[in-house]
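Q: this one's sequence-less:
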């Protein structure tokens, strides 16, 4: 490769995926990310707990879907590889599962190999794509060659949509993604809300905006709109720690302020 093909990792600016990696105790973050994360933690001290609670929801929802017959997974807004990843959870239940990850952070692309250690019986792939261009994302060769769009696909939009503002047409984007999936597909969403701590989330949103990562908290009703036309699976839209919690997760010790997110999983009729 020539120099012109080198990936610009944009290490001089904070990125939400690398900030999230920092909250989870990861090491793929840099001074700009850590400085922005520190400001976010000052604005909303519960954010470390929020990130971990949300990550546990992702693991539970993938495991639940894999145990209930889902064999294909499309994870948009993957973030820095943090074990267990979607393919590790899904292939633990069914080694033949196919998983595709997508993200627009160049550092995730640089670390994509960590996402590709599939069980030999299954497949994993990574597509460098942006959810704000959903048609281009869906057309990516890595997606089309790994997933069969005539069979149900589990779409995961976890901790992503609060970075897609109404200005970018978040609900329209989700409808495009939903329309591309066949009957029996599922949609999992985890989304920040201000309903549990309006002042704290307002400070957090301002801190992210100041670091160049604009975002938008949404109400339960606004989040429910993302599932429009699909059948919500029990227990419906709940705070992140209340969605089918594992007995050892001590959900009773989590506050709504720490959860800070509504989550849900729905199936396409």
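A: Yep, it's here. Small disclaimer: the values here were computed from a predicted structure and weren't measured. Numbering: from 1, shown residues only.
Q: so which helix or strand of this structure has the lowest pLDDT on average?
A: Ranked by mean pLDDT, DSSP states H and E, the weakest helix or strand in the chain is helix 106-110, scoring a mean of 80.
Q: packing partners of that helix?
A: Packed against helix 106-110 by the contact rule (3 or more CB pairs under 8 Å, 6 or more residues apart in numbering; DSSP states H and E) you find helix 16-23, strand 123-128. To be clear about C-beta, it is placed using only N, CA and C from the backbone, and glycine gets the same treatment.
Q: nearest to residue 85, of those?
A: Among the helices and strands packed on helix 106-110, the nearest to residue 85 by CB to CB is strand 123-128 (8.5 Å).
Q: show residues contacting the closest one.
A: Identification of contacts with strand 123-128 by CB atoms under 8 Å, 6 or more residues apart in numbering yields 78, 87, 98-104, 106, 108-109, 112, 115-118, 137, 140-143, 145-146.
Q: and the contacts of the helix or strand just after that strand?
A: Note on strand 123-128: by DSSP states H and E, the next helix or strand toward the C-terminus is helix 134-138. Contacts of helix 134-138 from elsewhere in the structure, counted by CB under 8 Å, 6+ apart, are 76, 102, 127, 129-131, 143, 173, 176-177, 180.
Q: list just the nearest of the residues you listed to residue 259.
A: The nearest member of the contacts of helix 134-138 to residue 259, counting by CB to CB, is residue 76 at 22.0 Å.
Q: do I have it right that the closest one meets residue 154?
A: No - with contacts counted by CB atoms under 8 Å, residue 76 stays clear of residue 154, the gap being 11.4 Å.
Q: can I get the helices and strands packed on helix 106-110 in JSON lines including mean neighbour count?
A: Listed next are these as JSON lines, based on neighbours: other CB atoms under 10 Å:
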{"stretch": "helix 16-23", "mean neighbour count": "24"}
{"stretch": "strand 123-128", "mean neighbour count": "22"}
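Q: which among the ones you listed is found nearest to residue 211?
A: Nearest to residue 211, of all the helices and strands packed on helix 106-110, is helix 16-23, at 7.8 Å by CB to CB.
Q: elements contacting the closest one?
A: When contacts are defined as 3+ CB pairs under 8 Å, 6+ apart, helix 16-23 sits against helix 31-43, helix 47-67, helix 106-110.
Q: give me the buried positions along the longest one.
A: Of the residues in helix 47-67, those buried under the neighbour-count criterion (16 or more other CB atoms under 10 Å) are 47-51, 53-58, 60-66.
Q: circling back to that earlier point, residue 76 and residue 154: which is more packed in?
A: Remark: of residue 76 and residue 154, residue 154 carries more neighbours, 29 against 24, as counted by other CB atoms under 10 Å.
Q: so what's the more buried one bridging to?
A: Note on residue 154: beta-bridge partners residue 73, residue 186, judged by DSSP bridges.
Q: with adjacent residues omitted, what lies nearest to the residue nearest the centre of the chain?
A: The centroid of the chain falls nearest to residue 158 when counting by CA atoms, centre = their mean (2.6 Å). Distances taken as CB to CB, 6 or more residues apart in numbering place residue 190 nearest to residue 158, at 4.4 Å, with adjacent residues excluded.
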